[in-house]
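Novice: Mind folding the following:
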Amino acid sequence: MPQFLIPIGGIVKVITYCTIPGQVSTNSHKWQLVSLSSGATFPSSPFILAMDSSLAGLYTGLISSNSEYYGSQLYLLNPIGLPPRPDHVNVNNNPGTGGAGLLPSQTSGLVSLYSSTLGKIGQGRTYIPFPPPGLNNADGTPEATYVTDLNALGAFLFANNIVIDGGVTATFRPCLYRGGTDTPRFLESAVAHDAWATQRRRGAFGRLNKVPF
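Specialist: Residues are numbered from 1 along each chain as shown. Alright, predicted model coming up:
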C-alpha cells in the first residue's frame, strides 16, 4: 500500500467500494485528524485498515450475497498541495450476508448525516448499495432489521474513530468538507431512512464505475 503521513488537522477522504457483476458502488466520507497522543503525524495505513475492517462488518449484512464488499481507498485532501498517491486496502473483501438475489441495482438504503450547521451545507447523504429482495417488505419499504443495521452504520459514520499504532493514539473526527480553504463541519447525528432511495448511476444502464485497485 502507498502509505502517506497525515498531519494533525489533516483531512482525509475514505472511499468504500462494493461490486456486483457489471457495476461498482462508491461511498465517500471525510475525517479530520484532531489529536495525537504524541508526535505531529500519523501513518495512513493503520487508519484505513481499521476503517475498512469496521466498514466491512457494517456493510456485509446490508448487501446481497450476490454482491461483494470490495475494500476502501484513502485520499489526503488537506493540507492543500501536491497530494500523495492514495492508500488502499481490500483484505476484508467478502460477499454480502443480507440474502440472495438483488433488487434493481439503483435501489439503495439511505442515511442522512447532520452537523450543527443549518441548511444543505451542514448535511450529507450516503446511499448504501445492492440490497437483496428478502429485506424488502411487501409494501416496498425496507425490513425493520435492515433499518436497524442501517442505523448502526449511521452511528459509526458520525462517531469519532480512535486508532492506535506503535503506542500512538490518533483521534479522527468525521466531517463535511468541500475542499480548499473550507472549514470542516463536524458530524453530530445520523438518520437511517425507512424508505428506499435511488442512485441512478448504479442502474443497469448507468456508466460503469471501476475499482481503481
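Novice: Now stretch 164-179: average pLDDT?
Specialist: Averaged over stretch 164-179, pLDDT sits at 97.
Novice: same thing with stretch 135-155?
Specialist: pLDDT averaged over stretch 135-155 gives 97.
Novice: Which positions in that stretch come out as buried?
Specialist: 135-136, 142-143, 146-147, 149-150, 153-154 (16 or more other CB atoms under 10 Å). C-beta coordinates here come from the backbone N, C-alpha and C atoms, glycine included.
Novice: With stretch 190-198 instead?
Specialist: Neighbour-count burial for stretch 190-198 flags 190, 192-193, 196-197 (criterion: 16+ other CB under 10 Å).
Novice: where are the low-confidence patches of this protein?
Specialist: 1, 203-207 (pLDDT under 70).
Novice: Would you map the strands across it?
Specialist: Assigned by DSSP state E, the strands in the chain fall at 5-7, 11-20, 23-36, 41-43, 68-78, 87-89, 94-95, 107-115, 123-128, 161-165, 168-176, 185-192, 197-198.
Novice: what's the closest of these to Phe213?
Specialist: Nearest to Phe213 among the strands of the chain is strand 87-89; the distance by CB to CB comes to 4.4 Å.
Novice: What is the closest one packed up against?
Specialist: helix 44-59, strand 68-78 (3 or more CB pairs under 8 Å, 6 or more residues apart in numbering; DSSP states H and E).
Novice: winner for burial among these?
Specialist: Highest mean neighbour count among the helices and strands packed on strand 87-89 (mean count of other CB atoms under 10 Å): strand 68-78, with a mean of 23.
Novice: How far away from the center of its chain is that strand?
Specialist: 8 Å (CA atoms, centre = their mean, to the nearest Å).
Novice: got the angle between that strand and strand 11-20?
Specialist: If you take axes from the mean of the first three to the mean of the last three CA atoms, to 10 degrees, strand 68-78 sits at 160 degrees to strand 11-20.
Novice: What is strand 68-78 packed up against?
Specialist: Partner elements for strand 68-78 (3+ CB pairs under 8 Å, 6+ apart): strand 11-20, helix 44-59, strand 87-89, strand 94-95.
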